[in-house]
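Colleague: Sequence and predicted structure, then a few things I'm wondering about:
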Amino acid sequence: MNRSEYKDFYDKVGKLNGWDFSKLRTTSEGEQWDFLQEVTLRCNTSNLLLDIGTGGGEALISIAGAALLLVGIDRSEGMIESATENLKKSNKGNIRFLQMEAEDIAFPMSFFNVVSCRHSEFYANEISKVLANDGIFLTQQVSEGDKLNIKQAFGRGQGFGTNDGILKEKYLTELAEAGFTDIQSFEYDASQYFQTYEDLVFFLKFTPVIPSFGQTDYDFEILQKFIEANQTEKGIKTNTKRFMIMARK
């Protein structure tokens, strides 16, 4: 899936579902942090927080009390439409959602105290521009080895065939070059269990893990064989591999 195809996919998902996976019935073993908690721990109630790639805004709305003002940006019109609707339902008055490209963040210099980015592309120089001195940037990203057994079953997938760790090293290098200091990285590879066939289908339909999933009947044949091979008492087993980077300006 190239960048243009991903943009079209992401915008379509935004209009249909936002970035809401609360309906999924899954359990995990081995996760080492909660990213939203890590963000809130580094905020205080007088801070301004920017969230890059905010999706349908569900995550940002859930931490509305962490900062004075929270701004979520996303390149997708569909995602911002969903985020705006979710915000109306929440009655939170200190959150704004704007359609904006991560590679051209249109805010004043040094405007934000904290910048977060979860599972979305970012540009270190743009973050440095809008982050205040001594401000902190946090990102969680999907590692290339995420959902590895699913990708192996389908013979394709997000990051499939790419050496694990390349994306993390790219971002670490870019942050250092942009002048960030105290750059720390963490990672985990946790077990994840989908409770039912329907849960896994929902996940594959609304994420880019397997590009174009479900467009042929053969995909469902592969999926059935995958489930038979990976069914456990806890559910259908796969893995969740993530890395997190924290850096100070």
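Modeller: Structure received.
Colleague: quick one: the helices in this protein?
Modeller: Using DSSP state H, the helices of the chain run over 3-17, 35-41, 58-62, 77-90, 124-130, 148-154, 166-177, 197-205, 217-230.
Colleague: so how far is the fifth one off the chain centroid?
Modeller: Helix 124-130 sits 19 Å away from the centroid of its parent chain (CA atoms, centre = their mean, to the nearest Å).
Colleague: With the shortest one instead?
Modeller: Helix 58-62 sits 13 Å away from the centroid of its parent chain (CA atoms, centre = their mean).
Colleague: And that helix, what's buried?
Modeller: 58, 59, 60, 61 (16 or more other CB atoms under 10 Å). Bear in mind the C-beta positions are built from the backbone N, C-alpha and C, glycine included.
Colleague: Using CSV, please lay out these together with distance to residue 73 and pLDDT.
Modeller: Below are the buried residues of helix 58-62 laid out as CSV (distance: CB to CB, whole Å; pLDDT from 0 to 100):
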residue, distance to residue 73, pLDDT
58, 15, 94
59, 13, 95
60, 10, 97
61, 15, 97
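Colleague: Pipe these into TSV and attach distance to residue 33 per row.
Modeller: Below are the buried residues of helix 58-62 laid out as TSV (distance: CB to CB, whole Å):
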residue	distance to residue 33
58	19
59	14
60	18
61	20
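Colleague: Can you tell me which of those residues is closest to residue 190?
Modeller: residue 59 (18.7 Å; CB to CB).
Colleague: Okay, the closest one and residue 140: tell me how far apart.
Modeller: Distance of residue 59 to residue 140, given as CB to CB, to the nearest Å: 11 Å.
Colleague: any common contacting residues for these two?
Modeller: Both residue 59 and residue 140 are in contact with residue 118, where contact means CB atoms under 8 Å, 6 or more residues apart in numbering.
Colleague: residue closest to the middle of this protein?
Modeller: With distances taken as CA atoms, centre = their mean, the chain has residue 119 as the residue nearest its mean C-alpha position (2.3 Å).
Colleague: Isn't residue 36 up against residue 62?
Modeller: Yes - with contact defined as CB atoms under 8 Å, residue 36 reaches residue 62; the gap is 6.6 Å.
Colleague: lowest-pLDDT helix or strand in the chain?
Modeller: helix 3-17 (a mean of 44; mean pLDDT, DSSP states H and E).
Colleague: who touches the residue nearest to the centre of the chain in this structure?
Modeller: 53, 140, 141, 142.
Colleague: so who does residue 214 touch?
Modeller: 201, 204, 205, 220.
Colleague: Please determine how far it is located from residue 221.
Modeller: As judged by CB to CB, residue 214 and residue 221 stand 12 Å apart.
Colleague: Next: residue 202.
Modeller: Residue 202 sits 19 Å away from residue 221, taking CB to CB as the criterion.
Colleague: Any buried residues in stretch 231-240, and which?
Modeller: Buried residues in stretch 231-240, defined by neighbour count with 16+ other CB under 10 Å: 235, 236, 237, 238, 239, 240.
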